[in-house]
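Undergrad: heads up, no residue letters with this:
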């Protein structure tokens, strides 16, 4: 079986990988709209299931039991991004413009990750005239309630500034709070903007520092524009993914704008935090949770 799948809709091309269940590349008219970094896992976008971002040292307590997850990204001390991005996914169906990928975190996988729940995940990718739709589904196959989160981890081109100092990238991301991160890349405090929406990237912070920031309670839209390029891209996440992680290491040429369902390390910071306020969902046995997000491609002229 091929490890990659190519989808086309007119001049839009999407390449998927069964290794990690992610996107290798997304182009329209030859313009890269997502780009894979040189570092592992070499995917332009991957799913985060059954949790997003980091769990402090991979440890947490639930229902009186202490859980110690296996490290999954050494030398990173925290367990990160769930397990889907390192799993082998299977192709369930495919056509010229659609593909469904599936993986099951079974008993063998549970023994390896030490996540003591069995679950399955499914992704459906659909190319349409307006862009790309990704549906992500999680099902609890265990006989007890499973804490759960999900998100998407896309990488977008971040071209270097021009010689005259102009920055070719414009990003509009509206949110109501900034979650301050410590040196251990875990939340240290929340800076609320009195509930008012603001463009949290208006000052282009990637110009002066590396980013690994978390923003809460977004408007449901982020837009990236590249000056001199014909296409812009808007991220329209499912309402169940209202928060954002923005990651842009200095000099790497990419920026990640990640829609997520819960705050990093929420399972430790506030285990009883409701899902509506940044906590994890609580999936009952056999419960299914699905989200649908859109990456909308639109013309952009300087």
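TA: Arrived safely, thanks for sending. The shown structure was predicted, so the numbers you read here are calculated from the model rather than taken from an experiment.
Undergrad: wait, isn't residue 172 in contact with residue 232?
TA: No - contact criterion Cβ atoms under 8 Å: residue 172 and residue 232 do not qualify, at 10.0 Å. Any C-beta I mention is one placed from the backbone N, CA and C, and that applies to glycine too.
Undergrad: Need the residues touching each of those two.
TA: residue 223 (Cβ atoms under 8 Å, 6 or more residues apart in numbering).
Undergrad: Buried by neighbour count: which residues of the longest helix seen in the chain qualify?
TA: Longest helix in the chain, counting residues (DSSP state H): helix 107-113. For helix 107-113, burial by neighbour count (16 or more other Cβ atoms under 10 Å) applies to 109-110, 113.
Undergrad: Turn these into a markdown table, columns for distance to residue 27 and pLDDT.
TA: What follows is these, written out as a markdown table (distance: Cβ to Cβ, whole Å; pLDDT from 0 to 100):
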| residue | distance to residue 27 | pLDDT |
| --- | --- | --- |
| 109 | 33 | 97 |
| 110 | 37 | 97 |
| 113 | 34 | 97 |
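Undergrad: is it possible to export those to CSV including distance to residue 83?
TA: Shown next, in CSV, are those (distance: Cβ to Cβ, whole Å):
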residue, distance to residue 83
109, 7
110, 10
113, 5
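Undergrad: Excluding its own residues, what touches the longest helix of the chain? List them.
TA: 69-70, 72, 83, 87, 105, 116-118.
Undergrad: For the nearest residue to residue 36 once chain neighbours are set aside, list the residues it contacts.
TA: Nearest residue to residue 36, sequence neighbours excluded (Cβ to Cβ, 6 or more residues apart in numbering): residue 44, at 4.5 Å. Shown in contact with residue 44 (Cβ under 8 Å, 6+ apart): 22-26, 34-36, 154-155.
Undergrad: Which of those residues lies at the shortest distance from residue 270?
TA: residue 154 (27.2 Å; Cβ to Cβ).
Undergrad: is it fair to say the closest one lies in a strand?
TA: Yes - applying DSSP: H, G, I helix; E, B strand; the rest coil, one finds residue 154 inside a strand.
Undergrad: Apart from its neighbours in sequence, what residue is nearest it?
TA: Nearest one to residue 154, counting by Cβ to Cβ, 6+ apart, is residue 45 at 4.0 Å.
Undergrad: so what pLDDT did the one you found get?
TA: Looking at residue 45, its pLDDT is 98.
Undergrad: Now the strand ranked longest in the chain: buried residues?
TA: Secondary structure of the chain per DSSP state E: the longest strand is strand 288-299. For strand 288-299, a neighbour-count test (16+ other Cβ under 10 Å) marks 289, 291-297 as buried.
Undergrad: out of those, who's nearest residue 281?
TA: residue 289 (6.2 Å).
Undergrad: Now do the contacts for that closest one.
TA: 137-139, 148, 150, 240, 281, 283 are the contacts of residue 289 under Cβ under 8 Å, 6+ apart.
Undergrad: try residue 133
TA: 124-126, 292-295.
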